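>>> let me see the structure of the following:
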Amino acid sequence: MTITRICILGGGTSGWMTAAGLSNKFNDLGVSIALVESDNIGTVGVGEATLPHIRFFNKTLGIDEREFMRETRATFKLGIEFCDWGKIGDSYIHPFGDYGEPIDGIDFHHFWLRLLQNGHKARLDDFSYPILAAESGKFQLPGPNNLEIGSNFGYAYQFDSGLFAKLLRRYSETHGVTRTEGKAVQTIQNPESGLIEAIVLEDGTRIEADLFIDCSGFRGVLIEQALNTGYEDWSEWLPCNRAVAVQCESAGPSLPYTRATARDAGWQWRIPLQHRTGNGYVYWNKYISDDEATHQLMSTLEGPALTEPKQLYFKTGKRRKLWNKNVVSIGLSGGFLEPLESTSIHLIQEGITALIELFPDTDFQESDAREYNRRMDLNFDRVRDFLLLHYVATQRDDTEMWRYFRQMTLPESLQEKMDAWSSRGYLLRYEQGVFLPPSWVAVMTGQNLLPNSYDPRANQISNKVLLDKTMAIKRDSLAALRQTPDHGDFLANYIGPAHR
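Next comes the predicted model:
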């Protein structure tokens, strides 16, 4: 009953991440892994910003960080800067770290809210070391003592996803994965069970497997075209349905953060790598044409374009089942949520991790698939809510798109979270989901959605003690910042002469 053959259909970031993750776990257990991809089928290839979780994926594979950063032309990432989201002219950074530190077990933001209501004007950002470092263009690795301000934060990467896929391909092939060039043109299913038994390529090659992983992108060759799984359309909540992407020469210093700037009909990204800058405009075609979106993107580049603009079309949402029969969909074949918070690669990683933990036998127990789908549904739902928060926590009403979001009926799960925050700064916590409470605090305070009150337990200390504690945190953050090197200098020293 043991699975001995796995077939991954599709390469790119999702295919080769899956191949690397599975071969790392099962290569020594007699499981053969075949990956089928066609050089004639392009990949989306614009997922270049990540969340801190990618570090642990690489570490599990035993990939050296310096080697990884040289190979993928990566830069460090302390967070994401959001411009013009709350209202035009505003900006804030969503950091990979907390604000201040709890006082008597109470989250720091409650004490900041108390200061704010008492007339103090201190920015919440002033109590976040990763924000101060990002704003100053500085970076260092966290130290070993998590109790120190300059050590208690996370970081991610900004990298060339095409180069990352090549790195993972080399890793996978050295761990026994075999790659077959070709395009799947036929799917063979068992007439009784409906399980997929084989795929047939254009040249007639037949590839049989016990378990199939669909990494075929938006087409969903196995999960949708063969199994008719169905798709949950989330355009009602995340209506942006197109993007145009282009790479350009970098100008100015290397910055340790991604930028997302709100536009009239969507938003624009900027991702700085070692050798270039990635740019894109995600938009709703109801309110802007493809040509105008491309024109606006090209007119705001910081340097000469290095590539032709690449047009992308998508529908936000996910498959009704990401695991159906003996097919697991990972990456774009399973669903797509716009890249506002760099979650695409993270959702790939979540899918791989859950599959390894729930790895089936050839009898494919429905309980395994049900638990996998439950976990992934929660991940998708909570990412959806967090992305939507950016659009609805706004004072903007200057264009049709922003007025649409001002009048929207929210998913119950998001409305409940916003109501709890609005009353007294309370954050509903959950066990599964990528974005922890500090992330929600960052967006809601950054976009001027402040609660009416705060946790009354924050009144248990005197004003003097509160000011002393908060100013000490601020002083420690600034002291750590003074010891932090410039991001470009740190990067060059860390990875060696490959950095330019």
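>>> make sure Ala480 is indeed in a strand.
No: counting by DSSP: H, G, I helix; E, B strand; the rest coil, Ala480 falls outside a strand, being helix.
>>> where are the low-confidence patches of the stretch 351-500 of the chain?
497-500 (pLDDT under 70).
>>> can you map out the helices along it?
366-392, 400-406, 412-424, 437-446, 463-482, 487-495 (DSSP state H, counting those that start in this stretch).
>>> please apply the same query to the chain.
If DSSP state H is used as the criterion, the helices of the chain fall at 12-26, 53-61, 65-72, 108-117, 129-135, 161-174, 290-298, 344-357, 366-392, 400-406, 412-424, 437-446, 463-482, 487-495.
>>> give me the distance between the fourth one and the centre of its chain.
It stands for helix 108-117. 29 Å (Cα atoms, centre = their mean, to the nearest Å).
>>> same question, the last one
The offset between the C-alpha centroid of helix 487-495 and the centroid of the whole chain comes to 24 Å, using Cα atoms, centre = their mean.
>>> for it, C-alpha coordinates in CSV please.
Coordinates of each C-alpha in helix 487-495 appear next as CSV, following Å, rounded to 0.1, in the frame of the first residue of the first chain:
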residue,chain,number,x,y,z
HIS,A,487,22.1,47.1,3.8
GLY,A,488,24.2,47.2,0.7
ASP,A,489,27.5,47.1,2.7
PHE,A,490,26.3,44.2,4.8
LEU,A,491,25.1,42.3,1.8
ALA,A,492,28.4,42.8,0.0
ASN,A,493,30.4,41.6,3.0
TYR,A,494,28.0,38.7,3.7
ILE,A,495,27.9,37.1,0.3
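>>> contacts for that helix next, please.
Helix 487-495 is contacted from outside by 66, 69-70, 75-76, 137-140, 253-256, 274, 485, 499, using Cβ atoms under 8 Å, 6 or more residues apart in numbering. For glycine as for every other residue, the C-beta is placed from the backbone atoms N, C-alpha and C.
>>> please check those and keep the buried ones.
69-70, 75-76, 137-140, 254-256, 274, 499 (16 or more other Cβ atoms under 10 Å).
>>> count of neighbours near Glu208?
The number of residues packed near Glu208 is 12, by other Cβ atoms under 10 Å.
>>> least confident of the contacts of helix 487-495?
Of all the contacts of helix 487-495, His499 carries the smallest pLDDT score, 48.
>>> tell me who's in contact with Lys121.
So Lys121 contacts nothing (Cβ under 8 Å, 6+ apart).
>>> with the one 5 residues further on instead?
With contacts taken as Cβ under 8 Å, 6+ apart, Asp126 has the following neighbours: 132, 474, 477.
>>> separation between it and Lys474?
According to Cβ to Cβ, to the nearest Å, Asp126 and Lys474 sit 5 Å apart.
>>> re the thing from before, between the contacts of helix 487-495, which is closest to Asn285?
Minimum distance to Asn285 across these is 30.4 Å, recorded for Leu255 (Cβ to Cβ).
>>> the closest one touches Leu273, doesn't it?
No: between Leu255 and Leu273 there is no contact under Cβ atoms under 8 Å: 10.9 Å.
>>> so what's the residue nearest the centre of the chain closest to, chain neighbours aside?
Centre of the chain computed as the mean C-alpha position; nearest residue by Cα atoms, centre = their mean is Thr343, 1.8 Å away. Leaving aside its sequence neighbours, Thr343 sits nearest to Val383 (Cβ to Cβ, 6 or more residues apart in numbering; 5.0 Å).
>>> right, and the one you found touches Leu337 too?
Yes: between Val383 and Leu337 there is a contact under Cβ under 8 Å: 5.4 Å.
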